[in-house]
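Participant: using only what follows, build the 3D model:
(3 chains)
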Amino acid sequence: MAISYRLADIAAQLGGRVLGDTEVRISQIATLERAQPGQISFLTNSKYRAQLAGTKAGAVILGESDADATALPRIVSHNPYAYFAKVSALLNPLPEARPGVHPGAVVGAGAKIDPTASIAANAVIGAGATVGAHSIIGEGCCVGTNTVIGSHARLYPHVVIYHGCVIGNNLIAHSGAVIGSDGFGIAMDEGRWIKIPQIGRVVIGNDVEIGANTTIDRGALDDTVIEDGVKLDNQIQVAHNVRIGAHTAIAGCAGIAGSAVIGRYCLIGGGARILGHLQLADHVEIAAHTLVGKSIREAGSYAAIFPFTKTDEWRRNAVHLRHLNDLVKRVKALEQELEVLKRK
Amino acid sequence: MAISYRLADIAAQLGGRVLGDTEVRISQIATLERAQPGQISFLTNSKYRAQLAGTKAGAVILGESDADATALPRIVSHNPYAYFAKVSALLNPLPEARPGVHPGAVVGAGAKIDPTASIAANAVIGAGATVGAHSIIGEGCCVGTNTVIGSHARLYPHVVIYHGCVIGNNLIAHSGAVIGSDGFGIAMDEGRWIKIPQIGRVVIGNDVEIGANTTIDRGALDDTVIEDGVKLDNQIQVAHNVRIGAHTAIAGCAGIAGSAVIGRYCLIGGGARILGHLQLADHVEIAAHTLVGKSIREAGSYAAIFPFTKTDEWRRNAVHLRHLNDLVKRVKALEQELEVLKRK
Amino acid sequence: MAISYRLADIAAQLGGRVLGDTEVRISQIATLERAQPGQISFLTNSKYRAQLAGTKAGAVILGESDADATALPRIVSHNPYAYFAKVSALLNPLPEARPGVHPGAVVGAGAKIDPTASIAANAVIGAGATVGAHSIIGEGCCVGTNTVIGSHARLYPHVVIYHGCVIGNNLIAHSGAVIGSDGFGIAMDEGRWIKIPQIGRVVIGNDVEIGANTTIDRGALDDTVIEDGVKLDNQIQVAHNVRIGAHTAIAGCAGIAGSAVIGRYCLIGGGARILGHLQLADHVEIAAHTLVGKSIREAGSYAAIFPFTKTDEWRRNAVHLRHLNDLVKRVKALEQELEVLKRK
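Facilitator: The predicted structure follows:
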């Protein structure tokens, strides 16, 4: 934990313009309120400028428009939030994993594990599976038969990937994530549900992150596809044959029903629901807790949230929703009657 | 993967009427768009008839009303969707598991494991538990003490079943499913919550499927009961003392609160919520993302979804929900005043 | 399971006033409907008094106002529901775990495991981690490097706690719970998301219970904090930097977005959503399936639920929500025109 950099070193690596003392040494990143000398902080929104006054930070990252808002040593960036992310990564490198297979792991016949990969205790790598260079398979993870995982993956403990899936490079998957489980495919036959075999795969691009306890079902016939750069938070459900476009980010507890196609660079809020077989254009934003019940062809921001109130007040108001059509008819009748009266 | 059948063989096994060349060999099933020669496809809805024209499929499954919609070799069935499911199962048999207990598994004292059952690496079978004939317990699964699992179960990796539960035959449980965890039972006592021991069980019938990361809590005093043929998708929460009637199907992310009783052959949409202690009749359908706040005595389809719009438009409209009761009063006042005016 | 107590013994241990035969022996607790002789039942709400008549229970727990509602042997308590919880705990002690580390567990260098603690098969305790006295770490659990767990914890199988977290005493965590996974922190940089390292911890107080498959993310910079006595049901998502006040209880499937601060003694309903950076006062109750979109400064009960109806009826009513603002304008126009008419 003795990593530290001079401000000048940081800018040399990450770009940006240094103002003030370029020699100040930085060992950690922190909020303006909590930062200590020797730590760097950041201002990503000019409206919090006032917080600069009280900070004990040794240096600050800020945008061009705030370049002169403090006399502290500082790095000016056109995108201070991304710069903060990069500085934090520089100061907090992930722990290295020791290459090799832990003696408590189980590796199936014909599995190809790159010698630079790390397979932790109690992990199970299925027959014929592939684990790429520098990938880390955490404790208790299960990688199904013939599944292919690219390089530099980081699977935290207890990730399960079923058989036959294909994963690109740089996957991060958090504990409890399940990839490739059967889609929910059933057919009613004389009073009983018959299972529809789910013979598609899950195909995941590069640079994808999958949150804890998120589930991604394999396709029924064709594949479920997660394109490059998609970021999924915790407890998201992705049903069979969904396609999520590149660089789309989805917040926790969202659910995407079967065969929905989500565009690129979409932002889906927490707990939102996208119904099956719908299509969302690129750059669509869906508010939290919103159900999307038909396709969206146009980029933009969409919402459907019932505004909360005190429960008594809610009860008084909500009861009328069961009679809204009647209310509209009454208003229409009033308009017509008034028109008659006015003509008299 | 060299399985193939003549069309005549398929019909001999599964019924249906063959039209055209009965000798064509079929090795896989696929959508009309993707099917190749040697593959069979299916048309389950007449409105997609046009897709028949372009398909490269070697044969097609279709309904009576579409029997003459193509000249391809075909099987005509009164339920082409169920027929498709059966053909897919025929062409895609599940991999067999080797009977026996993997040396990396842990089996408690007095556990009874049928010699035809398969216990995978890192699975833990509790003391006194029973695993029936031909059941497959996947990698890392935990079966609690004295839990009974019937025959032909298939537990994918990392399923946890707590102690004392009773599971019928043919269970399919996907990774991360948790069965028998404590119900959420707490009592407030002088400013602190006291835990109410959850001493009921989970009792599951035959032919049940449970999705990835779905949770089913054990009962507080009596049991939580899942009847025969129930199908649960991923990430569903079933609280303590719930009863789900036979052949009910529930989509992903739904939540059933404590002591709710769901009828038979219900269909519960994704993300729907059923509040505690309610009763739903048989054959009730609940739309996705709908909260059910009182019992439903009558079969039928029910919904409560706020229609989504562009966020600006939503904001303009939704604000009035906080004043809907006032609006209704204003309309009533208008009606009364107009009545007075008309009488003049 | 031969535990039994005389009614007098129970009252001696737990307080309350015994009426009737103090010598009756009690071996289990059950509902009024199901209780058998030798079992104790309870009446926690006077409106169910009628059920007392038919019960076969050997004794009953009830409140002061119902003290004379039965002639059965009984214990009168000012809080019969909490009393029931205590009696159930007395009659259903948790199974003891054998102290020590199972040979199939893996313990990292420098981990400190109290000799009274129990580490089950396939559990992995990270380097430098601490497990306190009498704590039970279930099968397949993973405790991250340098994480500290207090005394009397009970982790059911397959709980994952990431590195560097701090957990108080008496934690109960159910299977599939994930504590300390990365928060969902990403920054857009030239068309790609950059990951923001999540360097905070999860800090959990004493007497906390965490349900199956619930996820609690570590903080981005500062910590995520769960205070004493918090009770979390299954499948709850707690995002990074959330603080949940002491003795708050949250029902299944709720989601708390990043940096939200929930007060003490709050009750959050199932599937509710609290948006990021909001604050909820102490003693706030949120109805199930309600989205909270702004801070709540005042104790009380809040709701936002669309009332369900038959789907046909819902469709007729809900369509008008897209035009509610127009409807309000029409009513306003009517009021103005009527005013003009009345003046004539």
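
Participant: could you dump stretch A:206-223 to PDB, C-alpha only?
Facilitator: Only the C-alpha atoms of stretch A:206-223 are listed here, as PDB (Å, rounded to 0.1, in the frame of the first residue of the first chain):
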ATOM      1  CA  ASN A 206     -15.100  -7.800 -24.600                       C
ATOM      2  CA  ASP A 207     -15.000  -5.500 -21.600                       C
ATOM      3  CA  VAL A 208     -18.200  -6.600 -20.100                       C
ATOM      4  CA  GLU A 209     -18.900  -6.300 -16.300                       C
ATOM      5  CA  ILE A 210     -21.600  -8.400 -14.700                       C
ATOM      6  CA  GLY A 211     -22.900  -7.700 -11.200                       C
ATOM      7  CA  ALA A 212     -23.500  -9.900  -8.200                       C
ATOM      8  CA  ASN A 213     -26.300 -12.400  -8.500                       C
ATOM      9  CA  THR A 214     -27.200 -11.200 -12.000                       C
ATOM     10  CA  THR A 215     -28.500 -14.000 -14.300                       C
ATOM     11  CA  ILE A 216     -28.200 -14.300 -18.100                       C
ATOM     12  CA  ASP A 217     -30.100 -17.100 -19.700                       C
ATOM     13  CA  ARG A 218     -28.900 -19.000 -22.700                       C
ATOM     14  CA  GLY A 219     -31.000 -18.800 -25.900                       C
ATOM     15  CA  ALA A 220     -33.800 -21.200 -26.700                       C
ATOM     16  CA  LEU A 221     -32.500 -21.900 -30.300                       C
ATOM     17  CA  ASP A 222     -30.300 -18.900 -31.200                       C
ATOM     18  CA  ASP A 223     -28.000 -17.200 -28.800                       C
END
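
Participant: buried stuff in it?
Facilitator: A:206-223 (16 or more other Cβ atoms under 10 Å in any protein chain shown). Bear in mind the C-beta positions are built from the backbone N, C-alpha and C, glycine included.

Participant: for stretch A:261-278, same thing?
Facilitator: Neighbour-count burial for stretch A:261-278 [16+ other Cβ under 10 Å]: A:261-276, A:278.

Participant: same thing with stretch A:60-76?
Facilitator: A:Val60, A:Ile61, A:Leu62, A:Gly63, A:Asp66, A:Ala69, A:Thr70, A:Leu72, A:Pro73, A:Arg74, A:Ile75, A:Val76.

Participant: residues in contact with stretch A:191-198?
Facilitator: A:182-183, A:185-188, A:217-220, A:240, B:82, B:84-86, B:88-89, B:92, B:172, B:207, B:209, B:229, B:231, B:247, B:249 (Cβ atoms under 8 Å, 6 or more residues apart in numbering or on different chains).

Participant: report the distance from that stretch to the chain centre.
Facilitator: 32 Å (Cα atoms, centre = their mean, to the nearest Å).

Participant: how long is it end to end?
Facilitator: From its first residue to its last, stretch A:191-198 covers 22 Å (Cα to Cα, to the nearest Å).

Participant: picking that back up, near chain C too, which of the buried residues of stretch A:261-278?
Facilitator: Contacts with chain C within those, as defined by Cβ under 8 Å from any Cβ of the partner chain: A:Gly270, A:Gly271.

Participant: in strands, which of the buried residues of stretch A:261-278 appear?
Facilitator: Using DSSP state E, the members of the buried residues of stretch A:261-278 that fall in strands are A:Val261, A:Ile262, A:Leu267, A:Ile268, A:Arg273, A:Ile274.

Participant: for B:Lys329, state which of these is nearest.
Facilitator: Proximity of these to B:Lys329 (Cβ to Cβ) peaks at A:Arg273, which lies at 34.0 Å.

Participant: so the closest one versus chain C, what's the distance?
Facilitator: 11 Å (Cβ to the nearest Cβ, to the nearest Å).

Participant: do the same with A:Gly126
Facilitator: For A:Gly126, the distance to chain C - Cβ to the nearest Cβ - is 18 Å.

Participant: nearest residue to that residue in space, ignoring adjacent ones along the chain?
Facilitator: A:Thr145 (3.7 Å; Cβ to Cβ, 6 or more residues apart in numbering or on different chains).

Participant: so what's the residue count around that neighbour?
Facilitator: 17 (other Cβ atoms under 10 Å in any protein chain shown).

Participant: for A:Asn206, helix, strand, or coil?
Facilitator: Following DSSP: H, G, I helix; E, B strand; the rest coil, we place A:Asn206 in the coil state.

Participant: that one contacts A:Gly150, doesn't it?
Facilitator: Yes: with contact defined as Cβ atoms under 8 Å, A:Asn206 and A:Gly150 form a contacting pair (7.1 Å).

Participant: shared neighbours, the two?
Facilitator: A:Gly168, A:Asn169, A:Asn170.

Participant: which residues does the first one contact?
Facilitator: For A:Gly168, the set of contacting residues under the criterion of Cβ under 8 Å, 6+ apart consists of A:Gly150, A:Ile204, A:Gly205, A:Asn206, A:Asp207, A:Val208, A:Asp228.

Participant: where's it relative to chain B, distance?
Facilitator: Counting by Cβ to the nearest Cβ, the gap from A:Gly168 to chain B is 21 Å.

Participant: how about the helix or strand containing A:Leu334: buried residues?
Facilitator: In the assignment (DSSP states H and E), A:Leu334 maps to helix A:324-343. Neighbour counts over helix A:324-343 (16+ other Cβ under 10 Å) mark A:Leu324, A:Asn325, A:Leu327, A:Val328, A:Arg330, A:Val331, A:Leu334, A:Glu335, A:Glu337, A:Leu338 as buried.

Participant: and the fourth one, what does it touch?
Facilitator: Taking Cβ under 8 Å, 6+ apart as the definition of contact, the neighbours of A:Val328 are C:His320, C:Leu327.

Participant: at 6 Å what do you get?
Facilitator: Counting by Cβ atoms under 6 Å, 6 or more residues apart in numbering or on different chains, A:Val328 makes contact with C:His320.

Participant: ok, now the second one?
Facilitator: The contact partners of A:Asn325, taken as Cβ under 6 Å, 6+ apart, are C:Arg316, C:Asn317.

Participant: where do the helices of chain A begin and end?
Facilitator: Taking DSSP state H as the test, the helices found in chain A are A:7-14, A:51-54, A:80-91, A:311-318, A:324-343.

Participant: can I get those in TSV with mean pLDDT and distance to B:Val101?
Facilitator: TSV is the format used below for these (pLDDT from 0 to 100; distance: least, Cβ to Cβ, whole Å):
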stretch	mean pLDDT	distance to B:Val101
helix A:7-14	97	54
helix A:51-54	92	61
helix A:80-91	97	45
helix A:311-318	96	55
helix A:324-343	93	62
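
Participant: possible to save these as a markdown table with distance to C:Gly100?
Facilitator: Putting the helices of chain A into a markdown table (distance: least, Cβ to Cβ, whole Å) gives the following:
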| stretch | distance to C:Gly100 |
| --- | --- |
| helix A:7-14 | 49 |
| helix A:51-54 | 52 |
| helix A:80-91 | 40 |
| helix A:311-318 | 52 |
| helix A:324-343 | 65 |
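
Participant: from chain C, how far out is the residue of the stretch 201-344 of chain A found nearest chain B?
Facilitator: Across the stretch 201-344 of chain A, no residue is closer to chain B than A:Ala304, which sits at 3.6 Å (Cβ to the nearest Cβ). Applying Cβ to the nearest Cβ, the value for A:Ala304 to chain C is 9 Å.

Participant: retrieve the pLDDT associated with that residue.
Facilitator: pLDDT for A:Ala304: 97.

Participant: contacting residues for it?
Facilitator: Counting by Cβ under 6 Å, 6+ apart, A:Ala304 has contacts A:Thr290, B:Phe306, B:Phe308.

Participant: neighbour-wise, which of these leads?
Facilitator: A:Thr290 (27 neighbours).

Participant: and the gap between the closest residue to that one other than its chain neighbours and B:Glu285?
Facilitator: In this structure, A:Thr290 finds its nearest non-sequential neighbour in A:Ala304, 4.4 Å apart by Cβ to Cβ, 6+ apart. Distance, A:Ala304 to B:Glu285, by Cβ to Cβ, to the nearest Å: 21 Å.
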